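turn this into a structure:
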Amino acid sequence: MMRAVGHAALALDDPPVIEVVPGSYDLPGGRLLDLVEVMDRLRTNCPWDAKQTHESLAPYLLEEAYEVLETIEEGDHAALREELGDLLLQVAFHARVARERSEGEGGFDIDDVADGIVAKLVRRHPHVFADVKVTGAEQVGDNWEAIKAAERAAKNDGDAGSVLDGVPMGQPALSLAAQLIR
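Reported below is the predicted structural model:
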């Protein structure tokens, strides 16, 4: 909101002097709260949005992910912003649909999604959030894989499980082959 006011003021022929006081401007991530609010409104007031399920939305998730990849491969950084927004919409939409289920039925909301990824990032970056020392990016990658393997073993009660655990078999053949080789 304050960002829009600032832009409108700067567009005037004789813009006023604006003093920004800490806390009076949009914090990073503020637009994400707007996205949650818009999704709530769409889910309750738009007939198309209201009838969507995870299953009906699944093709759009994949399509948007491919569009992000295409803009990256083409080096189209201007289009990347929009395509990432479309992909973020899919995450927000799925989280909003899931919010309608009880926790016992596997319900969750966008905060649960964010909490899970924050916890994972902190856990997998002990060189940033704990006192693990690394010498470079290669060691960070090695640590990441070791932590991932430990997480998988913990999920399987100490059993290392199969090398196929966590590999999405529905992905395109070339991606699947590369992941299986890795």
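
in terms of helices and strands, where is the residue of the chain positioned farthest from its centre?
No residue in the chain sits farther from the centre than residue 14, which is 40.7 Å out by C-alpha atoms, centre = their mean. Using DSSP states H and E, residue 14 is not contained in any helix or strand.

now it: how far from residue 4?
From residue 14 across to residue 4, the span is 19 Å (C-beta to C-beta, to the nearest Å). All C-beta atoms are positioned from the backbone trio N, CA, C, and that covers glycine.

could you do residue 133 as well?
According to C-beta to C-beta, residue 133 stands 45 Å off from residue 4.

report how many residues lie close to residue 76.
Around residue 76 there are 13 other residues, counting by other C-beta atoms under 10 Å.

show me what contacts it?
The contact partners of residue 76, taken as C-beta atoms under 8 Å, 6 or more residues apart in numbering, number zero.

again, but for residue 101
By C-beta under 8 Å, 6+ apart, the contact set of residue 101 is residue 107.

how much space between it and residue 118?
For residue 101 relative to residue 118 (C-beta to C-beta), the value is 22 Å.

likewise for residue 110?
Here residue 110 is placed at a distance of 12 Å from residue 118 (C-beta to C-beta).

do residue 72 as well
The gap separating residue 72 from residue 118 is 24 Å, by C-beta to C-beta.

nice, that's everything, thank you.
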